[in-house]
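the following block contains a protein sequence and its predicted model.
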Amino acid sequence: MRAAAFLFLPLVLVSLSARAATPSIVGDWFEDETYGGERTIAVGHFKPDGTFSVDFRTCLKKGFLDHTETGQWTYSGGKLRMTTQTNNGFWVYDTEDYQTVSNNGHLWIYKSTAGSGFQDYGQVTFHDVRVEPGSKPPDCDLTS
C-alpha cells in the first residue's frame, strides 16, 4: 500500500503542474480581426526581455495602411499589460490591458479589458496563432 502511494503521488504532482503551467506568450503571433469597422491584420513580436513590436496592416476599400508600434509588456496570472512607447518611430504613451481566455501554445485567445482601444472599440476578443519569427502581415486580399 505504501509503495502504491509513493508511485501515485508523483503522478498527481506531475498532472497538477502540467495543468498549472501556462504556455508563454513570448514569440510571434498572427491575428486577423475586425473592430471599429476596419479589418486589421497584425503580427506581434513578444521578446523575453519584456519588449514588443507589433506590425499592423489596416485593410481599406482601396489599399491599406501599415504602422508599427513598440514598447514594453508584462504578463502575470493571464493578464497582459502593453505600454506602447512608439508608433511608426514617433514617441507616444498608451497602456492597454488584456485578459487571457485560453492559450495552448499555438492558439492564444485574449480580450481587451482597459485602455484607449477598449474605450474606442469596447471589448474585442483576439484569436492569435503562433507564427515563425520575423513574420509580417500578409496582403489584405491574401487572407480574405
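Everything's here; your move. Numbering: from 1, shown residues only.

could you pull out the strands for the chain?
27-35, 38-46, 51-59, 64-76, 79-87, 90-103, 107-114, 125-131 (DSSP state E).

point out the most buried one among those.
Using mean count of other Cβ atoms under 10 Å, the stretch among the strands of the chain with the largest mean neighbour count is strand 38-46, at a mean of 19. C-beta here means a position set from N, CA and C on the backbone, and glycine is covered the same way.

what lines up beside it in the sheet?
strand 27-35 (antiparallel), strand 51-59 (antiparallel) (DSSP bridges).

got those strands as TSV, with distance to T68 columns?
Below are the strands paired with strand 38-46 laid out as TSV (distance: least, Cβ to Cβ, whole Å):
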stretch	distance to T68
strand 27-35	14
strand 51-59	5
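
same list, those, but as TSV with distance to Y98 and mean pLDDT please.
Formatted as TSV, these follow (distance: least, Cβ to Cβ, whole Å; pLDDT from 0 to 100):
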stretch	distance to Y98	mean pLDDT
strand 27-35	12	95
strand 51-59	12	97
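
beta partners for F46?
G27, F52.

quick check, it in contact with F52.
Yes - in this structure F46 lies within contact range of F52 using Cβ atoms under 8 Å: 5.1 Å.

what residues are shared contacts of the two?
Both F46 and F52 are in contact with W73, where contact means Cβ atoms under 8 Å, 6 or more residues apart in numbering.

still on that earlier bit, possible to save the strands of the chain as a markdown table with distance to D141?
Listed next are these as a markdown table, based on distance: least, Cβ to Cβ, whole Å:
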| stretch | distance to D141 |
| --- | --- |
| strand 27-35 | 12 |
| strand 38-46 | 11 |
| strand 51-59 | 8 |
| strand 64-76 | 10 |
| strand 79-87 | 25 |
| strand 90-103 | 29 |
| strand 107-114 | 24 |
| strand 125-131 | 19 |
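
of these, which is nearest P138?
Nearest to P138 among these is strand 38-46 (6.8 Å), distances taken as Cβ to Cβ.

so what angle separates the directions of the closest one and strand 64-76?
50 degrees (axes from the mean of the first three to the mean of the last three Cα atoms, to 10 degrees).

no more questions from me, cheers.
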